[in-house]
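Asker: Sequence plus predicted model, see below.
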Amino acid sequence: MARVRVVNDISGFETNIAHDSRNMSGGFLGWIRLLRPDGEDSGYIYLCDEPVAPHLGGKEQNGGPFVVMSRPAKDAPSLIATLSRNGALQMRYDGDDELTGSAVITPLTGWVASEIQADIEARFNVRCRPSTKHEYVLP
């Protein structure tokens, strides 16, 4: 088991809605597949009310591993809107290669959209500081 850091560019995404979260145990709605510029998997975001610990998948596939994380099903509309309008993004993972770690999505420039500031501060125990662009940058 080794400590790893994975940074995957995101150039697009596909949504896969599998079930109505109100009728499924655990509130599983589906997933968002994040794509690299070369079309390979950058990562997956499971849309489910029971959290899935961030981890690596696809370690043996071309282009290296992808990052897996989850968000509550109710966050799907705002997450899709954020992915649609923020341009080039990165999915970052820091943790163990066999167990779990932490994952976050950030714009390539390092800016963090204000909609996810509170979530980032709570999940990763960091403090974001405001920028002049009304967005946030990690310290």
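Answerer: Nice, I can see it.

Asker: where in the chain is pLDDT low?
Answerer: Applying pLDDT under 70 to the chain picks out residues 1, 19-26, 86-87, 108-139.

Asker: For residue 12, give me its contacts.
Answerer: Applying C-beta atoms under 8 Å, 6 or more residues apart in numbering, we find residue 12 in contact with 34-35. Backbone N, C-alpha and C define where each C-beta goes, glycine included.

Asker: and what of residue 10?
Answerer: The contact partners of residue 10, taken as C-beta under 8 Å, 6+ apart, are 34-36, 42-43, 83, 88-91, 105.

Asker: and what of residue 40?
Answerer: The contact partners of residue 40, taken as C-beta under 8 Å, 6+ apart, are 61-63, 66.

Asker: Quick check: the two most widely separated of those?
Answerer: Spatial extent of the contacts of residue 40 (C-beta to C-beta) is set by the pair 62 and 66 at 11.0 Å.

Asker: if we can go back for a sec, ranking the contacts of residue 10 by neighbours, who comes first?
Answerer: residue 43 (28 neighbours; other C-beta atoms under 10 Å).

Asker: Beta-bridge partners for it, please?
Answerer: Residue 43 has these beta-bridge partners by DSSP bridges: residue 34, residue 67.
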